[in-house]
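Peer 1: sharing a model that was predicted from the sequence below.
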Amino acid sequence: MKLKLTAMALSALMAAGPAMADLVFPSLSYRTGPFAAGGIPFADGYADYFTLLNERDGGIGGVMTRVIECETAYNTEKGVECYESTKGEGALIYQPLSTGITYQIIPKATVDDIPIHTMGYGRTSAKNGDVFSHVFNYPANYWDGASGVVNYLLETNNNDISGKKLALVYHNSAFGKEPIRTLEELSKKHGFELMLLPVDHPGQEQKSQWLQIRRDKPDFVTMWGWGVMNQVAIQEAANIRFPMENFIGVWWSGAQHDVLPAGDAADGYKAITFHAVGNDFPIFDDIQKYVVDTGKAAGAGDQIGTVLYNRGVYAAMLAAEAVRNAQVATGNADVSSGDVRDAMESLEITQARMAELGMPNFGPSFTVTCENHGGDGLVGVAQWNASSKTWSLVSDFKPTDAEVIDVLVQEDSAAYAAENNIASNCN
């Protein structure tokens, strides 16, 4: 049975009683290091949403929230240290914001009974909740993203890209390598040729990759990049006059700071996405009123509506909804991380609920189950308009290729279960 918060249940939770400890949400942020340009707006959006809940609503279910920010600089070792130093503070849910950190803390969080939400990153096969009991990657994962790219290319090319050539420019790390297997399977299914072009960290040197693209003339380029790599790639694409309308990045390669340095040359560049773009949502009016205008914003308050600020707000909303549902399920306002894990496993996000939260159509509807920790895997596409300096959705959130992805998820998760002697979580 899906957990839904009713006005009566919320009122009961907020009834007068003894003061309770804050609801703690650690933020493994990176405001420093090579990826700070992306880390800062996400961390600001995440913190500002919880500040809004405190200032406007008195917290969640009558209990105030507290965000504990711990700087990782996107360094895996520091990220693990942050996990260890904050988990004892009453941590309810972790957002590692790094595939490398995620891989390292999966076994730790499982033992500690603390859920991890890796929204659009991390270990993709964690979608299989039967194996990964404490990891959730709704509403979409990297393999959904790879399929979303191919589906969009099919949609815009008369459903036929056989004989075409797709180049993958990717960060030479676990993160960047995530889509390769999926794209290989999709290339067999749809008859296109796949070029693989790794870029070493941090991604400032890409001359050879783009000279190869100029020489081999792929029809399309997709990018799994982050940080300065994205800016360099978009500029290099402009330098060789690769048509921007045929260049599409993953959702970590589609923010304002990725395209602005290239100026007008970035016009038409695209990126897949699992949430809305822009600032035309009631939630942002509330953040402005209760958080920014009162001087309580995590940052300067000038990032509202930018892609990664929106993503931080979205992640915080999903975490808060899990806590609300845990409160209703247990009848207690003061919930544990285990309670939140259970609530995440039966989470249902509807368009009606998002509208109630001031975020109408902000993301796709999705449902989570014990077997499926990844939701429905719906992916949209956004495009950059250089003249107006805005992103806009050019494709609705649409299904990805479950026929290919589900097989890969089962294979990878089964191997992990065998290596780690994991019994079924869902029996």
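Peer 2: Yes, it's here.

Peer 1: what's the longest helix in this structure?
Peer 2: As assigned by DSSP state H, the longest helix anywhere in the chain is helix 307-330.

Peer 1: for the helix or strand that that one is followed by, packing partners?
Peer 2: Using DSSP states H and E, the helix or strand that follows helix 307-330 in sequence is helix 337-344. On a contact count with 3 or more CB pairs under 8 Å, 6 or more residues apart in numbering; DSSP states H and E, helix 337-344 meets helix 307-330. All C-beta spots, glycine's among them, are computed from the backbone N, C-alpha and C.

Peer 1: helices and strands around the helix it packs on, which ones?
Peer 2: By 3+ CB pairs under 8 Å, 6+ apart, helix 307-330 packs against helix 7-13, strand 23-29, helix 36-52, strand 116-117, helix 337-344.

Peer 1: try 7 Å this time
Peer 2: When contacts are defined as 3 or more CB pairs under 7 Å, 6 or more residues apart in numbering; DSSP states H and E, helix 307-330 sits against helix 36-52, strand 116-117, helix 337-344.

Peer 1: so who does Ala255 touch?
Peer 2: Ala255 makes contacts with 38, 306-308, as judged by CB atoms under 7 Å, 6 or more residues apart in numbering.

Peer 1: out of the residues you listed, which is most surrounded?
Peer 2: Val307 (27 neighbours; other CB atoms under 10 Å).

Peer 1: how far does the longest strand seen in the chain sit from the chain's center?
Peer 2: When the chain is parsed with DSSP state E, its longest strand is strand 390-398. The chain centre lies 16 Å from the centre of strand 390-398; the measure is CA atoms, centre = their mean, to the nearest Å.

Peer 1: what's the following helix or strand after it?
Peer 2: helix 402-420.

Peer 1: now that next one, how far from the centre of its chain.
Peer 2: Centre-to-centre, helix 402-420 and its host chain are 21 Å apart (CA atoms, centre = their mean).

Peer 1: the longest helix of the chain - what's its average pLDDT?
Peer 2: Helix 307-330 carries an average pLDDT of 98.

Peer 1: touching, Tyr74 and Ala36? I think so.
Peer 2: No. In this structure, Tyr74 is not within contact of Ala36 by CB atoms under 7 Å, at 8.3 Å.

Peer 1: between these two, tell me which one has more neighbours.
Peer 2: Tyr74 (24 against 17).

Peer 1: isn't there a strand covering the more buried one?
Peer 2: No. Read with DSSP: H, G, I helix; E, B strand; the rest coil, Tyr74 is coil and lies in no strand.

Peer 1: pLDDT score for it?
Peer 2: Value listed for Tyr74 in the pLDDT field: 93.

Peer 1: look up how far Met359 lies from it.
Peer 2: From Tyr74 across to Met359, the span is 27 Å (CB to CB, to the nearest Å).

Peer 1: likewise for Ser387?
Peer 2: 28 Å.

Peer 1: how about Thr51, what does it touch?
Peer 2: Listed by CB under 7 Å, 6+ apart, the contact partners of Thr51 are 291, 296.

Peer 1: can you tell me how far it sits from Phe25?
Peer 2: The spacing between Thr51 and Phe25, counted by CB to CB, is 11 Å.

Peer 1: likewise Gly254?
Peer 2: 25 Å.

Peer 1: kindly report the same for Asp285.
Peer 2: Per CB to CB, Asp285 is found 23 Å from Phe25.

Peer 1: so for the two, which residue has more residues nearby?
Peer 2: Taking neighbours as other CB under 10 Å, Asp285 and Phe25 compare with Phe25 leading, 26 against 13.

Peer 1: does that one really touch Phe50, like I thought?
Peer 2: Yes. Proximity of Phe25 to Phe50 meets the contact threshold set by CB under 7 Å, at 6.1 Å.

Peer 1: list residues touching both of the two?
Peer 2: 65, 67.

Peer 1: show me the domain layout of this structure.
Peer 2: Per the record, the chain has its domains at 7-140+277-372, 142-273+380-403, by automatic domain parsing.

Peer 1: between those, which one is nearest to Asn420?
Peer 2: domain 7-140+277-372 (7.4 Å; CB to CB).

Peer 1: tell me where the stretch 101-250 of the chain has strands.
Peer 2: Counting by DSSP state E, counting those that start in this stretch, the stretch 101-250 of the chain has these strands, from start to end: 116-117, 135-136, 165-171, 193-199, 220-224, 247-249.
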